[in-house]
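Asker: I would like to see how this sequence folds:
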Amino acid sequence: MTKVVIIGGGWAGVAAAITAKKAGAKVTILERMDILLGLGNVGGIMRNNGRYTAAEECILLGAKELFDITDKASRHVNIDFPGHKHASLYDVCKVEPMVRRLLNEMNIEILLKSRAVDVKLTNRSLTGIVLQDGRIVKGDVFIETTGSTGPMGNCLKYGNGCSMCILRCPSFGPRVSISQKAGVEDILGQRKDGSYGAFSGSCKLNKDSLSKSIVDELNTKGVVILPIPKDDINIKKLDMKVCQQYALKEYAENLILLDTGHAKMMAPFYPLEKLRKFEGLENARYEDPYSGGIGNSIRYLSIAPRDNTMKVDTLDNLLCAGEKSGLFVGHTEAIATGSLAGHNSVRLIKGIPLLEIPVNLCIGDLIAYENTKIKTEEGLKTRYTFAGSDYFKRMKDLNLYTTDTEKLKKKIERVNLLNIFEERLV
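Answerer: Numbers count the residues shown, from 1 in each chain. Got it, this is the predicted structure:
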């Protein structure tokens, strides 16, 4: 039976597993931690701005399952906060078990605490993934969705040290670049000043450590905005954030909290002694990263060169998705690229031409546009997301942004791609 091995169980990895399984493959996910979803366990924002369009495109293409789950797990829907419209906030405490149950129901094999450390390679083809304990997991085609955060040395070299984030490198071992182990040089993202990497853009505060009035407002409205004292406003801090869709003046002048089960604080880090000076935050405690008072995780230091079908350059049977596949930001972006990689993994095995999503869909345009821009010096300093910054402006300029699902359905029908990810290929 056709076997697809996916390295990394974040949003991109589970999306790839679902579409590969629906295409008829036997699928195994290798995840170095004891839970799936990775940064999805501290994320929570869906359907904001152009992500609404992208989510509906994914659903119409036949990859609805993960959006069904995040919709069902949402604590708030159709809310607005600075720079963002019609957002949904899913409960980060509920979503991972829901995803794991879905994968189990689909008979997708999940190998947790299975850290990939090396590859077996014959000419230009991978034959197996070597795990830390010496086991070799063999497959016909492989998809790398390991993300771009860590190892700990990167957070020390390019950031403020290991901030003890949800990825827990000290416990489960650091991420290893599979593409680089196979001989493909990684691409490194940059900040505006040319330094490498970028800080993760938000932290989690334990909601029980906040005042009753703030908790009540979060539970009711989904968002709380607290003005930052003028002496503490630092506009330059926005440049270090990975999430450029939140690099707005409002995020420098205000502390913005979102309700994702915990209180999601839209800042890369904030000194604890200053945080506790805000009314209602006198007892605030960081939930992720634990050292959110001094730093956050560093991302975008391990990107694989690839084509617009998500196939990694120079290798015959390795695809990639999520942050591993480009300077993408967000769960929706990971699910979209993962869904395409999973479907194409089975096409690759069967010798069927790989699918390239047309650029008249925002998913296809994002994948192609990022792939062009990343080859330029300026493009390495940019992040690409449906939710804001330069790419959301591009979406609007190209008339790709819409919340009209009927309009999207007609467009996808015209290119004959309706439910393409539902097709069984083997």
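
Asker: ok, which stretches of the stretch 1-150 of the chain are helices?
Answerer: 11-22, 50-61, 65-72, 95-105 (DSSP state H, counting those that start in this stretch).

Asker: single out the most deeply packed of these.
Answerer: Among the helices of the stretch 1-150 of the chain, judged by mean count of other CB atoms under 10 Å, the one packed with the most neighbours on average is helix 11-22 (a mean of 30). (Each C-beta comes from the backbone N, C-alpha and C, glycine too.)

Asker: which residue ranges make up each domain of this structure?
Answerer: 3-75+92-192+301-422, 198-288 (automatic domain parsing).

Asker: buried ones in the longest helix along the chain?
Answerer: Secondary structure of the chain per DSSP state H: the longest helix is helix 331-350. For helix 331-350, the neighbour count (16 or more other CB atoms under 10 Å) marks 331-349 as buried.

Asker: likewise for stretch 304-322?
Answerer: Neighbour-count burial for stretch 304-322 [16+ other CB under 10 Å]: 304-306, 308-312, 315, 317-322.

Asker: ok now it, how far from the chain's centre?
Answerer: 17 Å (CA atoms, centre = their mean, to the nearest Å).

Asker: could you give the mean pLDDT of that stretch?
Answerer: Per-residue pLDDT over stretch 304-322 has a mean of 98.

Asker: then that stretch to CSV, C-alphas only?
Answerer: The C-alpha atoms that make up stretch 304-322 are tabulated as CSV, following Å, rounded to 0.1, in the frame of the first residue of the first chain:
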residue,chain,number,x,y,z
ALA,A,304,13.0,24.6,2.5
PRO,A,305,13.2,25.8,-1.1
ARG,A,306,10.2,24.4,-3.0
ASP,A,307,8.0,24.7,-6.0
ASN,A,308,4.3,25.7,-6.1
THR,A,309,3.1,22.1,-5.7
MET,A,310,5.0,22.0,-2.3
LYS,A,311,7.7,19.7,-3.6
VAL,A,312,11.1,20.3,-2.1
ASP,A,313,13.8,21.3,-4.7
THR,A,314,16.3,18.7,-5.9
LEU,A,315,14.7,15.8,-4.0
ASP,A,316,12.4,13.3,-5.7
ASN,A,317,10.0,12.4,-2.9
LEU,A,318,10.0,15.1,-0.2
LEU,A,319,7.3,17.7,0.1
CYS,A,320,6.9,20.4,2.7
ALA,A,321,4.2,22.6,4.2
GLY,A,322,3.5,25.2,6.9
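
Asker: that older thread, what is the nearest of the buried residues of stretch 304-322 to Gly293?
Answerer: Gly322 (28.4 Å; CB to CB).

Asker: most distant residue from the centre of this protein?
Answerer: Asp231 (33.9 Å; CA atoms, centre = their mean).
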